[in-house]
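*Asks:* Give the three-dimensional model of this entry:
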Amino acid sequence: MKTIPDKTTWKDHEAMSLAAAHFFVADCHRVIAKQGKFSVALSGGTTPKRFYEILSSTEFSKNIPWKKVFLFWSDERFVSHSSPDSNYNMAKKSLLDKIDIPPKNIFPVPVTGDPGQNARQYEATIRKFFANKLPAFDWLLLGTGDDGHTASLFPHTPVLIENRRLVKPVWIADKQSWRITFTFPLINKARQIVFLVSGKEKSKVVSAVFHKPVKKIYPVQYVNAEKSLWMLDKAADG
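*Replies:* Now for the predicted structure:
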């Protein structure tokens, strides 16, 4: 089994984001030609914002059959969808508001009431979308923090060892907040996992992921390497 993911390195964040947009369009057309729809899980954080903006531009958006694209989120902060901290809100402003995608194709993480109930509800939504087959997203976008977390799978949190549930709530103690996140069983079933990683503060994590022999010290290292492509800027690649 492959233990080191594939990677491409670009001169800066802009070039990386542009390359990711080209990759998205190509994969979108390939998958839709094969199965008629393209299921995508988006990521939050600051890194993918430029990628979303490029996808929403006329040059790219006109080449994407949005009516056959279905959007989910790999994790969400437990805040209102109108909050500046919301992953959904960031994607809405940088992408969704600018493209012709049917509202029924957009599946935000529910964030009202109880985090545990919302996580179960989102898992049920995902299972229903995949017609109760084992859910496997066509394209799953992730990033990593300088602590090696991905989605909301943070170091030393109990969700890291979840092997049954697809979506779980997680309390992030140092942030004093709840999040809802895909678990490794769902992430690792995706057909294509794409990491967008930018900035020199991430270089320590990147080095650990691509170092041989691999010693797993960060949550991000438990993502399926065989299905992963890391798209980096030079700063992140050290």
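
*Asks:* give the contact list for I126.
*Replies:* F72, F107, P135, L166, V167, L186 (C-beta atoms under 8 Å, 6 or more residues apart in numbering). In short, each C-beta sits where N, CA and C put it, glycine included.

*Asks:* which stretches of this protein have low pLDDT?
*Replies:* 1, 132 (pLDDT under 70).

*Asks:* what residues are up against G116?
*Replies:* Residues in contact with G116 (C-beta under 8 Å, 6+ apart) are P169.

*Asks:* residue ranges of the helices in this protein, please?
*Replies:* In the chain, the helices defined using DSSP state H lie at 13-35, 49-56, 58-61, 87-94, 115-129, 184-187, 203-210.

*Asks:* And the closest residue to T144 other than its chain neighbours, how far from L160?
*Replies:* Nearest in space to T144, with sequence neighbours left out and distances taken as C-beta to C-beta, 6 or more residues apart in numbering, is V220 at 4.6 Å. Counting by C-beta to C-beta, to the nearest Å, the separation of V220 from L160 is 11 Å.

*Asks:* do W171 as well
*Replies:* The gap separating W171 from L160 is 13 Å, by C-beta to C-beta.

*Asks:* ranking the contacts of I126 by neighbours, who comes first?
*Replies:* V167 (28 neighbours; other C-beta atoms under 10 Å).

*Asks:* Could you list which residues are in contact with that one?
*Replies:* V167 neighbours (C-beta under 8 Å, 6+ apart): A119, R120, Y122, E123, I126, I180, T181, F182, T183, L186.

*Asks:* same thing with W230?
*Replies:* Applying C-beta under 8 Å, 6+ apart, the residues contacting W230 are P5, D6, K7, T8, F195, V197, V206, V209, F210.

*Asks:* how many neighbours does T183 have?
*Replies:* That count, for T183 with other C-beta under 10 Å as the rule, works out to 23.

*Asks:* Apart from its neighbours in sequence, what residue is nearest it?
*Replies:* Nearest non-adjacent residue to T183 (C-beta to C-beta, 6+ apart): E162, at 4.5 Å.

*Asks:* count of residues packed around the one you found?
*Replies:* Neighbour count of E162, defined by other C-beta under 10 Å: 18.

*Asks:* Kindly report the same for the one 3 residues further on.
*Replies:* When counting by other C-beta under 10 Å, one arrives at 15 neighbours for R165.

*Asks:* So it is in contact with T183, correct?
*Replies:* Yes. Between R165 and T183 there is a contact at 5.9 Å, judged by C-beta atoms under 8 Å.

*Asks:* Can you show me the strands along this structure?
*Replies:* Ranges of strands in the chain, per DSSP state E, are 6-10, 38-42, 69-73, 75-77, 139-142, 167-172, 177-182, 193-197, 228-233.
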